[in-house]
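J.: here you go, sequence then predicted model.
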Amino acid sequence: MTSTSTLHARRLFTALLALASGALVLLGSAPALAEQADRDKPLVLEADNASYDDVKQVYTLTGNVVLTKGTMLLKSDAAQVRTDPEGYQYAVATSKGERQAYIRQKRDNVDEYIDGWGDRIEYDGKQEIAKLIGNARMARLAGGKQVDEIRGAVLTYDARHEFYTAAGDSRNAAPGTPSGRVRAVLSPRQSQGGDGNANATGGGVQLRPSPAPARQ
């Protein structure tokens, strides 16, 4: 190989190495997502009473129901849990008294949790989506302290991509939202900018409003 060819080969190798290093930097700077280890954990069911339909692969649970999957915790008065042929679980949790169904999940790599309450909670284990229906409320806790809160008729939390979808219902207003519209309270985050001044920014979870659901 000539010296010119060797020089070109070295330059190409250097360029490819720099490109690969840049890709690693981009991957390393990806934002924190919901607790990634949860998806590989088993779903543990607890209740006062339980029945199982082997044909439909459905558990029916009543009385102090507690479902756990890693850091994900779901509590309710009653629940049905279904397993699909791929092994993913789907739960529908309901409340029968004044106490609402409750769900909690830790965010990945940070000391933060997402708490949610609703008259009914639908959990999709494959998509990692929780849908809270009826007088719904969700809160983000950092270091054990509530920093953000959102209320609405229907709230959906996508744990994989970390964003809320919120819908109001003016004809069936929830407590804390007398107008029936979505209501969010976001605490400022204080961070030092390049000029040394503190900059207030919103919470770490995105909020995406959606139209109010049509009434049946």
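T.: Ah, there it is.
J.: where does the protein have low pLDDT?
T.: Counting by pLDDT under 70, the ranges of the chain that qualify are 1-37, 170-180, 189-216.
J.: using the record's assignment, carve it into domains.
T.: Listed by automatic domain parsing, the domain ranges of the chain are 1-30, 36-209.
J.: how many neighbouring residues does the nearest residue to residue 160 once chain neighbours are set aside have?
T.: Excluding the flanking residues, the one nearest residue 160 by Cβ to Cβ, 6 or more residues apart in numbering is residue 128, at 4.4 Å. In this view, the C-beta of every residue, glycine as well, is placed from N, C-alpha and C. Applying the criterion other Cβ atoms under 10 Å, we find 21 residues in the vicinity of residue 128.
J.: for residue 128, what are its contacts?
T.: Neighbour list for residue 128: 34, 39, 158-160 [criterion: Cβ atoms under 8 Å, 6 or more residues apart in numbering].
J.: can I get these in JSON lines including distance to residue 183 and neighbour count?
T.: JSON lines is the format used below for these (distance: Cβ to Cβ, whole Å; neighbours: other Cβ atoms under 10 Å):
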{"residue": "34", "distance to residue 183": "24", "neighbour count": "23"}
{"residue": "39", "distance to residue 183": "32", "neighbour count": "16"}
{"residue": "158", "distance to residue 183": "20", "neighbour count": "19"}
{"residue": "159", "distance to residue 183": "22", "neighbour count": "25"}
{"residue": "160", "distance to residue 183": "25", "neighbour count": "12"}
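J.: list the helices and strands the helix or strand containing residue 156 packs on?
T.: In this assignment (DSSP states H and E), residue 156 forms part of strand 145-158. Counting contacts by 3 or more Cβ pairs under 8 Å, 6 or more residues apart in numbering; DSSP states H and E, strand 145-158 is packed against strand 112-118, strand 129-142, strand 163-167, strand 183-186.
J.: much appreciated, bye for now.
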